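Undergrad: A structural model of the following input is requested.
(chains A and B)
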Protein chains: 2
Amino acid sequence: MQTTWLNEDLDQTIFEVGARVSMRVGKKLFEGQSDFQKLEIYETPHYGNMMVLDGCVMLTEANEFSYHEMIAHVPLFAHPNPERVLIIGGGDGGAAREVLRHPQVKECVMVEIDGLVIEKSKEYFPTIASEFNNPRLTLLVDDGVKYIENNKTAFDVILVDSTDPVGPAEGLFSKDFYQKAYNSLKPNGILVAQAESPYYFKRTQRELFDVLHSVFSYATLYTTNIPFYPSGMWSFAYASKEYKENTNPRYTDMEKMEENLQYFNRKLYEGCFALPTFVKKNIEKK
Amino acid sequence: MQTTWLNEDLDQTIFEVGARVSMRVGKKLFEGQSDFQKLEIYETPHYGNMMVLDGCVMLTEANEFSYHEMIAHVPLFAHPNPERVLIIGGGDGGAAREVLRHPQVKECVMVEIDGLVIEKSKEYFPTIASEFNNPRLTLLVDDGVKYIENNKTAFDVILVDSTDPVGPAEGLFSKDFYQKAYNSLKPNGILVAQAESPYYFKRTQRELFDVLHSVFSYATLYTTNIPFYPSGMWSFAYASKEYKENTNPRYTDMEKMEENLQYFNRKLYEGCFALPTFVKKNIEKK
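TA: Predicted coordinates for the structure are as follows:
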């Protein structure tokens, strides 16, 4: 395969971190501009197909599991009976695929603003977009913020599977959004949101947790490792009305599902909430 | 500060992983060739001074804590009374600095093969090389493998703070070395060794654990996050004659030390041994 370097230049994105991740890519399989963002899809010599949005690597076929298993299974096992789940974003379908592994889930609603991402994921990432025809999935191409305003007290779990807080996902980091998400959860609901790198996005995380602590009765962070994301260390915010991560998680169900997964397991469920001291201090309630 | 990109090209090192980490660097403060490797030191706009060995980023002043706290405190708190500690490598002095935080340590012997790294660390990384004059430290510029042959049943804890398994550190990944290290430990000793990225060095980790399982009665892995290392996810092998990580760690002492550290804490001690399933499977005893 003829390859070139694709550089993700963090100097030019949100913060000036002075670091860069580069990937060897082969042929560009697709490039298109939607109403919201620029989508590119490449083949790579080692990691299958790769999706890039507005110049940022979103996922590769080989490593997407460390993101999608962790965004979905942590809150779904923390909740005793997650029957109704909402995904905001997640257009590639990976979060939905993991949510639908849980037999407790009667309906998973997915609201993705960018139809182009859904369409091209079906074409180029069939193992990720594998559950779009599942009868328990309701797929809407729409604005997630408007959707939750019209669906109060409706969900056991909400997953915010967004891009960085610039472009189409900017509103998904605001207090207004989290207040609406809170109202869209049932009284014992749990929200999990993509929360960036604890190394490179300290200010974003601090601002996010100021919001979460002011809206939810409990908020913390858990981590995963994504080799192509800036710093490799990534995180999800976990906010709830009632269930802390250690309240009464479904350990037996975790053990049953473990053998079908590549990343998530029972021991890791507890381990992922153990934060380095500099991260823990940065997100504490003030 | 005038800066340029310094590229760490993983295509050209051990495995063809098709990924690259780049850092913005300013002035080159030092460049020299020792008998063992090429040493470069740069200033950076965001992370203080940076050390590069044979083209690989070793550390920055701003982020070295996530490596040095984790290589040292995990085994030193797992051991009930770590009086004699050996560090093989670790020429920058960071591991020694962390080891010497433990009042139980009566003598820390450090055997670094490359005197140039020690000398330049004192000059350009004074906060890392801060304990070289500590009376409890015995600093030797010598071959660590020869040293352990001549010091049998001598140490409670051995830290192998090495570079990648090419160049001067190649011998530190062999069965011959680990058998000698085993013999150099006391009957209840613990060994911890730098063990590369679980994402990018799967074959190295599998080979390392074939060796460790054949020599030690117990071997496992724990993880840390180092933003400038390939994939960001990094790991240490933990091998012991008697004490598993959960046998009887010194939790009370951990809690006392926590407030002086940036990364390690009691909860993380347990969390760092929780491995993603693909990592756990790759290092299992066969």
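Undergrad: Would you check that A:Thr277 makes contact with B:Asn260?
TA: No - counting by Cβ atoms under 8 Å, A:Thr277 stays clear of B:Asn260, with 9.7 Å between them. Using the backbone N, CA and C atoms, a C-beta is placed for each residue, glycine as well.
Undergrad: neighbours around A:Gly56, how many?
TA: Actually, residue A:56 is Cys. It isn't Gly. 21 (other Cβ atoms under 10 Å in any protein chain shown).
Undergrad: Likewise for the one 3 residues further on?
TA: Residues contacting A:Leu59 under the criterion other Cβ under 10 Å number 26.
Undergrad: Over to it: give its phi and psi.
TA: Main-chain torsions, A:Leu59, degrees, to the nearest 10: phi -160, psi 160.
Undergrad: which ones are touching it?
TA: Contact partners of A:Leu59, counting by Cβ atoms under 8 Å, 6 or more residues apart in numbering or on different chains, are A:50-51, A:67, A:92, A:94, A:125, A:128.
Undergrad: repeat for A:Glu64
TA: By Cβ under 8 Å, 6+ apart, the residues touching A:Glu64 are A:92, A:94, A:128.
Undergrad: Could you give me the buried positions within the helix or strand hosting A:Leu212?
TA: Assigned by DSSP states H and E, A:Leu212 belongs to helix A:202-215. Neighbour-count burial for helix A:202-215 flags A:202, A:204-205, A:208-209, A:211-213, A:215 (criterion: 16 or more other Cβ atoms under 10 Å in any protein chain shown).
Undergrad: Closest one of the residues you listed to B:Gly55?
TA: B:Gly55 lies nearest to A:Lys202 out of the buried residues of helix A:202-215, by Cβ to Cβ, at 29.1 Å.
Undergrad: my guess is the closest one meets A:Asn282, correct?
TA: Yes - shown here, A:Lys202 and A:Asn282 form a contact pair, counting by Cβ under 8 Å, at 5.6 Å.
Undergrad: who does the residue nearest to A:Ala193 when sequence neighbours are not counted bridge with?
TA: Using Cβ to Cβ, 6 or more residues apart in numbering or on different chains and skipping residues adjacent in sequence, the residue nearest A:Ala193 is A:Val160, 3.6 Å away. Beta-bridge partners recorded for A:Val160 (DSSP bridges): A:Ile88, A:Ala193.
Undergrad: For A:Val160, give me the pLDDT.
TA: Predicted confidence (pLDDT) for A:Val160: 96.
Undergrad: Can you tell me how far it is from A:Val111?
TA: Distance of A:Val160 to A:Val111, given as Cβ to Cβ, to the nearest Å: 11 Å.
Undergrad: got it, and A:Val211?
TA: Taking Cβ to Cβ as the measure, A:Val211 falls 20 Å from A:Val111.
Undergrad: do the same with A:Leu139
TA: Plainly put, A:Leu139 is 8 Å away from A:Val111 if you go by Cβ to Cβ.
Undergrad: One more: A:Lys286?
TA: 32 Å.
Undergrad: These two: who's more crowded?
TA: Ranked by neighbour count (other Cβ under 10 Å), A:Lys286 and A:Val111 place A:Val111 first, with 22 against 7.
Undergrad: can you give me phi and psi for the more buried one?
TA: Dihedral pair for A:Val111: phi -120, psi 100, per degrees, to the nearest 10.
Undergrad: and the helix holding A:Leu212, how far out from the chain's middle?
TA: Mean-position distance between helix A:202-215 and its chain equals 17 Å (Cα atoms, centre = their mean, to the nearest Å).
Undergrad: Closest one of the contacts of A:Glu64 to chain B?
TA: A:Gly94 (16.1 Å; Cβ to the nearest Cβ).
Undergrad: From what I see, the closest one and A:Ile128 are in contact.
TA: Yes - using Cβ under 8 Å, A:Gly94 is in contact with A:Ile128, at 4.6 Å.
Undergrad: residues shared between the contacts of the two?
TA: With Cβ under 8 Å, 6+ apart as the test, A:Gly94 and A:Ile128 both reach A:59, A:64, A:68.
Undergrad: In CSV, list the C-alpha atoms belonging to stretch A:98-117.
TA: Provided in CSV are the C-alpha atoms of stretch A:98-117 (Å, rounded to 0.1, in the frame of the first residue of the first chain):
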residue,chain,number,x,y,z
GLU,A,98,-22.7,-1.8,22.4
VAL,A,99,-25.9,-0.6,24.0
LEU,A,100,-27.9,-3.2,22.1
ARG,A,101,-25.8,-6.0,23.6
HIS,A,102,-27.8,-5.5,26.8
PRO,A,103,-31.1,-7.5,26.7
GLN,A,104,-32.6,-5.1,29.3
VAL,A,105,-32.7,-2.3,26.7
LYS,A,106,-36.2,-2.1,25.2
GLU,A,107,-35.5,1.0,23.1
CYS,A,108,-32.3,2.8,22.2
VAL,A,109,-33.0,6.2,20.6
MET,A,110,-30.0,7.6,18.6
VAL,A,111,-30.1,11.3,17.6
GLU,A,112,-27.3,12.2,15.2
ILE,A,113,-27.2,15.6,13.7
ASP,A,114,-25.2,14.6,10.6
GLY,A,115,-26.8,12.2,8.2
LEU,A,116,-23.7,12.0,6.1
VAL,A,117,-21.8,10.3,9.0
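Undergrad: domain ranges for chain A?
TA: Domain segmentation of chain A under automatic domain parsing yields A:4-60, A:65-283.
Undergrad: Of the ones you listed, which stretch is the most buried?
TA: Stretch with highest mean neighbour count among the domains of chain A: domain A:65-283 (a mean of 20; mean count of other Cβ atoms under 10 Å in any protein chain shown).
Undergrad: any idea how far that one is from the chain center?
TA: Distance of domain A:65-283 from the chain centroid (Cα atoms, centre = their mean) equals 5 Å.
Undergrad: A:Gln179 and B:Gln104, how far apart?
TA: Note on A:Gln179: its distance to B:Gln104, by Cβ to Cβ, is 51 Å.
Undergrad: re earlier: report the entries of the contacts of A:Leu59 that also contact chain B.
TA: Applying Cβ under 8 Å from any Cβ of the partner chain, the subset of the contacts of A:Leu59 adjacent to chain B is empty.
Undergrad: Can you list the residue ranges for helices in the stretch 51-200 of chain A?
TA: Assigned by DSSP state H, counting those that start in this stretch, the helices in the stretch 51-200 of chain A fall at A:65-78, A:94-99, A:115-124, A:144-149, A:175-184.
Undergrad: Could you save these as a markdown table and add columns showing distance to B:Thr153 and mean pLDDT?
TA: Shown next, in a markdown table, are the helices of the stretch 51-200 of chain A (distance: least, Cβ to Cβ, whole Å; pLDDT from 0 to 100):
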| stretch | distance to B:Thr153 | mean pLDDT |
| --- | --- | --- |
| helix A:65-78 | 42 | 98 |
| helix A:94-99 | 50 | 98 |
| helix A:115-124 | 59 | 98 |
| helix A:144-149 | 63 | 94 |
| helix A:175-184 | 59 | 96 |
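Undergrad: is it possible to export those to a markdown table including distance to B:Pro187?
TA: Output for the helices of the stretch 51-200 of chain A, formatted as a markdown table (distance: least, Cβ to Cβ, whole Å):
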| stretch | distance to B:Pro187 |
| --- | --- |
| helix A:65-78 | 39 |
| helix A:94-99 | 46 |
| helix A:115-124 | 57 |
| helix A:144-149 | 60 |
| helix A:175-184 | 55 |
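Undergrad: Nearest to A:Asn265 among those would be which one?
TA: Taking Cβ to Cβ, helix A:65-78 is the member of the helices of the stretch 51-200 of chain A nearest to A:Asn265, at 9.3 Å.
Undergrad: So out of everything in chain A, what residue is nearest chain B?
TA: For chain A, Cβ to the nearest Cβ, closest residue to chain B: A:Gly232, 1.4 Å.
Undergrad: and that residue, backbone torsions?
TA: Dihedral pair for A:Gly232: phi 80, psi -30, per degrees, to the nearest 10.
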